[in-house]
Every structure is written in structure tokens, then in C-alpha cells.
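Asks: what would the 3D arrangement of this be:
(chains A and B)
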Number of protein chains: 2
Amino acid sequence: MAVKVGLLGLGTVGTGTAKILLDPTGRHPLVSDIEVARVGVRSLDKPRDIEIAADRFTTDLEAIVTDPSIDVVVELIGGLEPARSLMLKAIHQGKHVVTANKAVIARYGDELFTAANEAGVYVLLEAAVGGGIPVIQPLKQALGVNRIQAVTGIVNGTTNYILTRMQEEGGDFETILADAQALGYAEADPTADVDGLDAADKIAILASLAFGGRIKLSDVYCEGIRHVSAADIAYAERLGFVIKLLAIARRDICPTSNEALDQLQLRVHPTLVPDHHPLASVNGIYNAILVEGEPIGQVMFFGPGAGEGPTASAVASDILNIAATLKSQSVAAKAEPQNPLLACTHQHYCQVSPMTDIVSRFYVRLLAADQPGVIGQVGLCFGNHEVSIESVVQIDLHDGIGEIVVVTHEVSERNFQTALDELRASASIRSVPSVLRVL
Amino acid sequence: MAVKVGLLGLGTVGTGTAKILLDPTGRHPLVSDIEVARVGVRSLDKPRDIEIAADRFTTDLEAIVTDPSIDVVVELIGGLEPARSLMLKAIHQGKHVVTANKAVIARYGDELFTAANEAGVYVLLEAAVGGGIPVIQPLKQALGVNRIQAVTGIVNGTTNYILTRMQEEGGDFETILADAQALGYAEADPTADVDGLDAADKIAILASLAFGGRIKLSDVYCEGIRHVSAADIAYAERLGFVIKLLAIARRDICPTSNEALDQLQLRVHPTLVPDHHPLASVNGIYNAILVEGEPIGQVMFFGPGAGEGPTASAVASDILNIAATLKSQSVAAKAEPQNPLLACTHQHYCQVSPMTDIVSRFYVRLLAADQPGVIGQVGLCFGNHEVSIESVVQIDLHDGIGEIVVVTHEVSERNFQTALDELRASASIRSVPSVLRVL
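Replies: Alright, predicted model coming up:
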């Protein structure tokens, strides 16, 4: 008997998903056992590039999530509401849910997974992070035997596209953003992407899976790329780095014993990445997620981070996984215990360290009076606050102003910011145009 | 109730696997439900760096695969026999099998999977390809909804290490092989690695999963790296390529209609990879597998291709997957239908194209009399056989011998070899020191 899918939304990803399910030849044989039974859309009159019988369409999304014949509800309408309520209703009706909605999962994951566990259904979300790249399933299954130490990702294609073009062309952020918008690589309102909010949603989801605990989205430190300048990219290149917007979830290490602590760092910020690092060569709209664990070491997943085809592949693969589970059950679904690798059973919230406690390397660019002794003064000020310096480069500028670029060793954020405040107040420092973290 | 594992072999990977299972803190909670119940070893007297009670050890491997209390047999003894027979016996006894044995799977996969399907058990093999990199599970699950077009991998760490060092140091194959042997990166008998046999086993396994059919190992064209010279690496670099040992499985495309045909190319050979290609920057002992499909596009999996920790991670993840399946069954395992994404149900053998039918780009290095008209003659000869040339570089050498490097467009192997035979017979061509394929 076919597994019946109710699609909520037939935009780009919904259409891509339906195309896969309606054209099973050459795919896993189980795909032909999946039926697009109902499709919920906003308008019945819109012409659509897909062959689905007219009587399967409805504008009544509630009718789909409560339809007793539907096994799997696929939520692809996006936004917080009514997406959240529809998913909850589907779960309460005993239906499995597949979604690409990172915003809902990052904010209401606890509510959804609690409801799903009570109802004995699965909520799968491969498409929520990294487009088509299989990363959610590997984190839940293949990598689960590891003690995960860190997940570091380039998880936003728009910002990676902008930073890559800034790197290649030497252009400024505003100019390239405008061009990316004209080309369709950035939204008219680019806030969610360029301010790091989309990446924050995604790292909250990845961290929850990697570290087996729930995450409060407000615990994720979030800094976007608006302030990254062409000058910083050029200096970084000179020092052997590229600048990437990284989303980082990392288990804190005790500075004295070097043991892993039971608290996490969760942060999204532009970062200087050494140019030999695996993430450094991930360019354009591509995404990559690097997972570090014991005993596996480093593994990286790389691919297109968005787009109809890749995202639809991820959605369809979740539907296939549920179909396979249903096919391998000899008794009614509700009577079966859940597969602990597909379900999301953790209940506690992860402890997250405040940013001031975090130890990191920093890059800072200072404008200073071009006079003897300034570098010494900068070094002294950092030294007074236990900020050890890895390199200092001074470039003569104009009008008696020199530009100084400092890269520190690993230092605590608190000490670094205190030293920086002192420098900002000093007479010979005119301004501090950029402060960035270094991987 | 704990899932009981019988380990066959306690070498590097066996020890690594046992270490994960015996130390579950910080891993997936289900790991603590897995018990290393019995361990089969060659010698009971050997001191071991692991805390397993002495009474769990035995030298009688048959006793483990027939022990009614054992749920999962983990085969880590390597080699063809008795590994194959022990796995078959375990399957006939209704036990699930986990193995890292690429040689047995590539040769006897059909026999093992047929037996497993009859017995209703799973044979999992994540560790057989790519060490710790999750690639088998994603191919079976996350990527199954795609029409796979190609799987291209750097799947042998030893050859990648040698080629990377040849590239970085400009050294010769024999010198660097000897050093790699001294450092433990290559075996005393390096045949399986440097002649491409290990990579052939692995691409046979990947192709079988990607294209949903069985593969005859003898259908895989296999060429190693012994003949790759420092000169070729230097010329390749000048032309914008790096040389990698690639394992390629690709669905053939009809040259006229451009449609995917129902036959495969299966080949292992040193290959010039364009230096901007995702596989070009995979260096040293690292492995990477690039999967191309419709509609996903390209995704790549990257990580350490060997070693105790990574390989043990893959073995333990297969055990975890089986444990999760057992935990989610409400009735006796044999009464349950198998999960079609974990089982291997395809029966037919894939059609594989003969190498002479394959269309590829070529790199060829010729030594010729350094006289006017030689390049013209080379061009004419290739042209007569419909071999279109992309670039020709002539380097003056010594003693009246010039070195000519030709890169062709995509041409049929048959036409190319015919043209090359003609050139070899020509008076002005002294020798053809290298012929390599170009990605």
C-alpha cells in the first residue's frame, strides 16, 4: 500500500519535491510507493509546472493535516505561523512530519519534538540545514557513536556568495550585496542572511543534534557580515586567511585540565579562516559542515546549500526514510517503539557559555597616529591584559595616520575587550575600524 | 535488554570499536545498551590495551557466530577466508553482520546479501569505504531519491599520500613510496594500494549502492600510480591540474541524445584533476567521495580514509544502527519485514561498458625529434582519428629530443589509442612516456 503524503506548499521546494515523487524511474524503488495524495496551496488558479490532478489541490491546509488517509505531512510553506500550528496539529493526528523550516525548528523544536514523542511519530528536517547536503541524518546516525567536540559550518549561501565575490573582486559589501540582490542570490530584505540570523537558526539545530540537548536560540551569539570591509579581506589574505561567516558549536574545554566541559560555545560571526583549512576553499553559494569528534577526527560535508533540486532531495529523502520505517513495521505504527536514531528524545537544555568567557584568536585593525612608539604602546596595552600577540603589521597610510593590523594568540574575550577599550580611549589611537575573530 | 555483540578480531579497528562501546559516556545514549559479549582472537595470551573480562575471549570464532545469545557479529579479521565463511554462518544463524572487509564484500557481496535477505538480517559495511566518512549510509538513505549520475572518489589514502608528497616535493614515486613504507603509510607489499586494487574494491561497492545493482569486480578497469612520474606532475601543475588516483563510477551518456544509458563506466586510474575541482584539494591521507545526482547536483564527503579511530567510528555506527532497529521492533526480528533502506535487495548485475567505448579527455607526453613540423604531424595524426586537441606544449629538451605534452578534448578511448599506436610507429616520435586521463 502506498505511503500517502500531504504537501503543504507548492513553491520552489514543494514543486521540486513533487517532481521527484511523481517521476520515480531510476531512483530508489521505494519512491514509487510514495503518493502525493493532497497538496495545499494558497491559490487554486495559479498555473503550475507539474502534473497533479486538480482534485488533489486544496486551499484548506487544515483539511490536509486532519485527513485520516494522510501518513506524512510535508510542511514547505515557511514562516512561523501557521507552519508551527499545522505541524503540531498533524503530530496530534498521529502523522509524521517532514519540514524544511529551520526558523520553526530553531524556535519551537522543543514543543514539536515533545508532541512527536508523545504521539509516537517522527519530525524529520534534513532540508533545514545545508540544502541537499546530508548532514542531519549523518549526525543522528553515523556520527552518534562519537563524542562530538565541534560543528563548524558555512551554512548560509548568500553571505558566502557575497564574501567570495568580495574576495575575488576586491569589492565593497554594499556594492556586491546590491548586485547579489539583482541576480537573485540575496533577498530584497537581506537581514536574515547578512546579519547571521539564518545561520544562527541552523547552528542551533546542528548543535542540538550533535550534543544531544535542546538549545535556546537566544543563547546563540550572532554577528553578521555588514561590517566586513574590502580592506579586511585584503589584509586577511596577506596574512594567509580568508574571511567566512562561520556558525560554530563547540564543547568548551577547561583551560587548566584540558577536559571537555558540559557547556557549549554557540556563535555566528565572520571569521578569519587559515587558507589551508578545509572550510577555506568552500566558495560561492556552496555550504560545508565540518564535524569534529572522538574518535573520528574531522569529517566534512560539502554541497549546494540551497536551490530547488538540492533542497527537494533532502525533503524527499526524509519522506523516503519514513516510508521505509512504515514498510518495515508489521504492526500498527503507534504500537511500535520509535527508532531512537530517527526520533529526537533529549529533554534537557544545553548550558551555553557567555561570550565573555570564550577564548579565541582575534584580528583587529587600528588607525593610529603615525609616530614612533605606537606599536610598542599597542603591544604594552594588550600585554597588560594578558593578550598575547601573534603578529603586528603596520602599513603607512596618509595624512599622518598609520594602519596597524594585529592578530592575537588565543585570549579570553573579556581580557581582549578590556584591552581594546583602553586602546580606544588612548590619544594615539584614532579609531578601531574592525575587530574579527580568527579560527 | 542489551544488544549483544560478538567481535571477530581485536586488532587496530577491533580495539577501537571495543573502546567506543565500553566507554559510552558522552555518546548516543543507545551506545550504553550495546554489550561486547564475546571476542574472538588468535591468541589468548597477547597483552591487550583494553578492559574486557578474560572469560569473554575465545580463539574459537565458530563458537561466536553460532552462539544463540549473540545478536550482531562484527567481522574485523580481514582477508577472504575464514572471514567470508564466518559471515555466512552468522547470517544463517539469524545474526546481523557488521564488517569493514571491502575485499569480501566486493567479491562475495552477492552471496552474502542473498543469504542476508533470506535470513531477514542486515549486513552493514560503512567502514569498508572511506574509513570514518559516512558515505555508505548517505548513499543508501539520504541520496536514494536521486538519480545518481556519478560517484568519483579519492578512496585510497596511501596513494593519495604518495601523490601529494610527489606534488609537494617534486620527488619520484619509488623514493616517496620507500619513505611512506618507512613511516607506516604504505605496506611492505604495497600492491593492493599502489596498483589500484583496493580502490577497485571500494568503487565496486559504492557503484553497487549508488546504481542499485550488483557489480562484477572484474568489470572494474584498474590502473595504479607506479608509472606516474615527477615530470607528469610538474607538467600537470603547469597546465592547471593535480594528479589524483580516482575511482570513478559513472552512468554512461548516449553521445547523440545525451540521455543516461543503462550501463556504467567503472574505472580506477591516475587522473589529471582541474585545480579548482573540489577533489583537487583533498591531500595526504584524506579521502573524499563526490556524488553527482539529479536533482541534488554535487555533494562531497571528506575525511580521514583510515586509522583506528575513524574506522572504529564507522563500525560502531553500524552496530548502533542495528541496535536502534532492534529496539524499535515490538515483535521478534524475523517476523518483521526488513527496512528497505538498510537491506540490500537488488539482484541484477549492472551492465558495464568496455573501456574502448569510453569517452574521456587524455594527457599524453611524447618524446620527439626536435625538428620543424613535428607538432603539425602529431596534430594531423590525432585529427585523422577524430581526436580533437585542447592544448599542445612543446618543451625543448636536450640531444635533439623535444618533449611534447598534449591534452585532448573528450574523445573515444578507441580512437585515441589508434592514433597513439600510429604515432608510436612514426619515425619522428621516439617514445611515449606517459598517457593519463583527464577529468
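
Asks: what's around residue A:48, how many residues?
Replies: Other residues within reach of residue A:48, judged by other Cβ atoms under 10 Å in any protein chain shown, total 14. For glycine as for every other residue, the C-beta is placed from the backbone atoms N, C-alpha and C.

Asks: ok, and the closest non-adjacent residue to it?
Replies: For residue A:48, the nearest residue in space outside its immediate sequence neighbours is residue A:10; the separation is 6.6 Å by Cβ to Cβ, 6 or more residues apart in numbering or on different chains.

Asks: can I take it that the one you found is in a helix?
Replies: No. Read with DSSP: H, G, I helix; E, B strand; the rest coil, residue A:10 is coil and lies in no helix.

Asks: state the distance from it to residue B:295.
Replies: Spatial separation of residue A:10 from residue B:295 under the definition Cβ to Cβ, to the nearest Å is 16 Å.

Asks: the more surrounded of the two?
Replies: Using other Cβ under 10 Å, the more surrounded residue of residue A:10 and residue B:295 is residue A:10, with 24 against 20.

Asks: around the closest residue to residue A:402 other than its chain neighbours, how many other residues sit close by?
Replies: In space, and not counting its chain neighbours, residue A:402 is closest to residue A:370: 3.7 Å by Cβ to Cβ, 6+ apart. The number of residues packed near residue A:370 is 18, by other Cβ under 10 Å.

Asks: if I read this right, residue A:370 contacts residue A:400, doesn't it?
Replies: Yes. Counting by Cβ atoms under 8 Å, residue A:370 touches residue A:400, with 5.1 Å between them.

Asks: my guess is the residue nearest to residue A:48 contacts residue A:38. True?
Replies: No. Proximity of residue A:10 to residue A:38 does not meet the contact threshold set by Cβ under 8 Å, at 11.1 Å.

Asks: now do the same contact list for the residue nearest to residue A:48.
Replies: When contacts are counted by Cβ atoms under 8 Å, 6 or more residues apart in numbering or on different chains, residue A:10 touches A:18, A:39-41, A:48, A:50, A:76.

Asks: residue numbers of the stretch 301-439 of chain A in contact with chain B?
Replies: Among all residues of the stretch 301-439 of chain A, those adjacent to chain B (criterion: Cβ under 8 Å from any Cβ of the partner chain) are A:301-304, A:307-310, A:312-314, A:316-317, A:319-321, A:324-325, A:327-331, A:335-342, A:345.

Asks: out of these, which are inside strands?
Replies: The subset of those located in strands under the criterion DSSP state E comprises A:301-304.

Asks: switch the residues you listed over to CSV; also include neighbour count, pLDDT and distance to residue B:165.
Replies: Putting those into CSV (neighbours: other Cβ atoms under 10 Å in any protein chain shown; pLDDT from 0 to 100; distance: Cβ to Cβ, whole Å) gives the following:
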residue, neighbour count, pLDDT, distance to residue B:165
A:301, 25, 97, 27
A:302, 26, 97, 24
A:303, 27, 96, 29
A:304, 22, 92, 32
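
Asks: does residue A:179 belong to a helix, a strand or coil?
Replies: Secondary structure assignment for residue A:179 (three-state DSSP): helix.

Asks: measure it to chain B for me?
Replies: As judged by Cβ to the nearest Cβ, to the nearest Å, residue A:179 and chain B stand 22 Å apart.

Asks: can you pull the buried residues of stretch A:251-269?
Replies: Burial within stretch A:251-269, assessed by neighbour count using 16 or more other Cβ atoms under 10 Å in any protein chain shown, is assigned to A:251-252, A:260, A:264-269.

Asks: ok, residues contacting it?
Replies: Outside stretch A:251-269, the residues within contact range by Cβ under 8 Å, 6+ apart are A:147-150, A:196, A:199-200, A:203-204, A:207, A:211, A:215, A:219-224, A:245-250, A:350-353, A:355, A:357-359, A:436-437, B:26.

Asks: one more pass at 7 Å, please.
Replies: A:149-150, A:196, A:199-200, A:203, A:207, A:211, A:215, A:219-223, A:245-250, A:350-353, A:355, A:358-359, A:437 (Cβ atoms under 7 Å, 6 or more residues apart in numbering or on different chains).

Asks: cool, and stretch A:56-74?
Replies: A:3-8, A:17, A:36-42, A:44, A:82, A:86, A:89-90, A:93, A:95-98, A:315, A:319, A:322, A:326.

Asks: do a quick rundown of the helices in the stretch 1-150 of chain A.
Replies: Counting by DSSP state H, counting those that start in this stretch, the stretch 1-150 of chain A forms helices over residues A:12-22, A:61-65, A:83-92, A:102-119, A:136-140, given from the N-terminal end onward.

Asks: most neighbours per residue, which of those?
Replies: Neighbour counts averaged per stretch over the helices of the stretch 1-150 of chain A are highest for helix A:136-140, at a mean of 24; criterion: mean count of other Cβ atoms under 10 Å in any protein chain shown.

Asks: does chain B have contacts with it?
Replies: Yes. Applying Cβ under 7 Å from any Cβ of the partner chain, one finds helix A:136-140 touching chain B at A:137-138.

Asks: who are the packing partners of that helix?
Replies: With contacts defined as 3 or more Cβ pairs under 7 Å, 6 or more residues apart in numbering or on different chains; DSSP states H and E, helix A:136-140 has these neighbours: helix A:197-211, helix B:136-140.

Asks: name the residues that touch it?
Replies: With Cβ under 7 Å, 6+ apart as the contact definition, helix A:136-140 has outside contacts at A:125-126, A:129, A:206, A:209-210, A:301, A:341, B:134, B:137-138, B:141-142.

Asks: re earlier: are any of the contacts of stretch A:251-269 buried, and which?
Replies: Buried residues within the contacts of stretch A:251-269, defined by neighbour count using 16+ other Cβ under 10 Å: A:149-150, A:196, A:199-200, A:203, A:207, A:211, A:215, A:219-223, A:245-250, A:350, A:352-353, A:355, A:358-359, A:437.

Asks: picking that back up, okay if I get the helices of the stretch 1-150 of chain A as JSON lines plus distance to residue B:374 and mean pLDDT?
Replies: Rendered in JSON lines, the data for the helices of the stretch 1-150 of chain A read as follows (distance: least, Cβ to Cβ, whole Å; pLDDT from 0 to 100):
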{"stretch": "helix A:12-22", "distance to residue B:374": "54", "mean pLDDT": "96"}
{"stretch": "helix A:61-65", "distance to residue B:374": "72", "mean pLDDT": "97"}
{"stretch": "helix A:83-92", "distance to residue B:374": "69", "mean pLDDT": "98"}
{"stretch": "helix A:102-119", "distance to residue B:374": "61", "mean pLDDT": "95"}
{"stretch": "helix A:136-140", "distance to residue B:374": "54", "mean pLDDT": "95"}
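
Asks: CSV for these, including distance to residue B:280?
Replies: Rendered in CSV, the data for the helices of the stretch 1-150 of chain A read as follows (distance: least, Cβ to Cβ, whole Å):
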stretch, distance to residue B:280
helix A:12-22, 30
helix A:61-65, 47
helix A:83-92, 41
helix A:102-119, 32
helix A:136-140, 24
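
Asks: many thanks, have a good one.
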